[in-house]
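# Could you look at this predicted model? Sequence included:
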Amino acid sequence: MDVHIISRHPKTSNGAPPVLFIHGAFAGAWCWDEFFMPWFAEAGFDVFAIDLPGRRGRPDHDQLQEFSLSDYMEAVYTAIDSFDEPPIVVGHSMGGYLGWRAAEARDVAALVMMAPVPPTGLAAPAMQLFMLNPSLAIDVAAVHAGEMATVDTLHATLFSDAVPKSVAKRYIDRFQAESRLAVSGLYTPHLPNVMAVWGTPIMVLGAGSDPLIPPAHVHWTGSICGRNAHIYQGMGHGMMLEAGWQRVAEDIAGWLADQGLCSDA
């Protein structure tokens, strides 16, 4: 599979393994290159971000609706296999789910999941959203089905009130349609292979104002892998683009240092 990856390289390396960022549904590698990739490169990390199949501007964009979740997994496997050493994998939302699945099948130096779709799938968070906010749940379901959403809906879904709507719109304009086949795959229950990730350093992060993957489900993901999840209060689902994103980046870098994977960033 032909996989597109963007990269940023440090002027001075901190000795860490390469970092591979995996974006979530409706996004692309660009969401990491806004803040996280420049920051991590400045901190000494060799950073890469994958464009999953069907991203806007790529040769296979016209085939978007043909790609399944398995195709996305194969793209992640191909990216991981391209490194000379096991990478640090950082995944957001659907990318967190893909990161977990990749860690079950490949050797990774560490796994960081940000506002992740739980390894068991999206059904439970979707049900909670429907119970607590039916109108927003219906809007989100419509987006998953391929319909357009308003800026107001996407702002409420992806960002906290700390992100001005004008700023959010700049990001929202860069989001794209998603493969309905791949999204439907997230609703299929998956039995996590916990033993396959045994011994892998894992960090689980969530956002306190996230209606898509609420804190309870982030804690559930943490419990599956025997880790305590950390929740950033007042932050929305799009954590890498949120107000306060640098706190998240700093915490990840500090945790990697604590794992002995790099010098202090």
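That came in fine, so what should we check first?
# shaky segments in the stretch 151-265 of the chain?
The stretch 151-265 of the chain contains residues with pLDDT under 70 at 264-265.
# try 80
Along the stretch 151-265 of the chain, the model assigns pLDDT under 80 to residues 151, 153, 263-265.
# That one: helices as residue ranges?
For the stretch 151-265 of the chain, the helices defined by DSSP state H, counting those that start in this stretch occupy 151-158, 165-172, 180-186, 215-224, 245-258.
# got the contact list for the last one?
Contacts with helix 245-258, where a contact means CB atoms under 8 Å, 6 or more residues apart in numbering, come from 16, 35-36, 39-40, 43, 45, 88, 90, 110, 112, 114, 203, 205, 230, 232, 235, 239-240, 242, 262-265. The C-beta positions use only the backbone N, C-alpha and C, and glycine is treated the same way.
# Any of those residues buried? List them.
Buried members of these, counted by 16 or more other CB atoms under 10 Å: 16, 35-36, 39-40, 43, 45, 88, 90, 110, 112, 114, 203, 205, 230, 232, 235, 239-240, 242, 262, 265.
# Find the centremost residue of the protein, please.
Nearest to the mean C-alpha position of the chain, counting by CA atoms, centre = their mean, stands His92 at 1.1 Å.
# is that residue in a bridge, and if so with what?
Beta-bridge pairing for His92 (DSSP bridges): Met114.
# Looks like it contacts Gly24 (just checking).
Yes: using CB atoms under 8 Å, His92 is in contact with Gly24, at 4.8 Å.
# Would you mind listing the residues touching both of these two?
Each of Cys31 lies in contact with both His92 and Gly24 under the rule CB under 8 Å, 6+ apart.
# Leu205 versus the residue nearest to the centre of the chain, what's the distance?
With distances taken as CB to CB, to the nearest Å, His92 is found 9 Å from Leu205.
# who's in contact with Phe175?
Counted by CB under 8 Å, 6+ apart, Phe175 has contacts 26-27, 154.
# 10 Å instead, please
Phe175 sits next to 24-28, 30-31, 56, 143, 149, 154, 158, 238 when contact means CB atoms under 10 Å, 6 or more residues apart in numbering.
# Also Gly226?
Gly226 makes contact with 194, 197-198, 202, according to CB under 10 Å, 6+ apart.
# Surely Leu261 is in contact with Ala110?
Yes: the criterion here is CB atoms under 10 Å, and Leu261 meets it with Ala110 at 6.0 Å.
# Could you tell me which residues touch both of those two?
With CB under 10 Å, 6+ apart, Leu261 and Ala110 have common neighbours 16-17, 19, 88, 201, 255.
# can you tell me which of the residues you listed are in strands?
In this view, these that belong to strands under DSSP state E are 19, 88.
# Make CSV from the shared contacts of Leu261 and Ala110 and add distance to Gln176 to it.
Converted to CSV, these look like this (distance: CB to CB, whole Å):
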residue, distance to Gln176
Ala16, 31
Pro17, 30
Val19, 24
Ile88, 26
Pro201, 32
Trp255, 31
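# Need the overlap of contacts for His92 and Leu205.
Residues touching both His92 and Leu205 (CB under 10 Å, 6+ apart): 112-116, 239.
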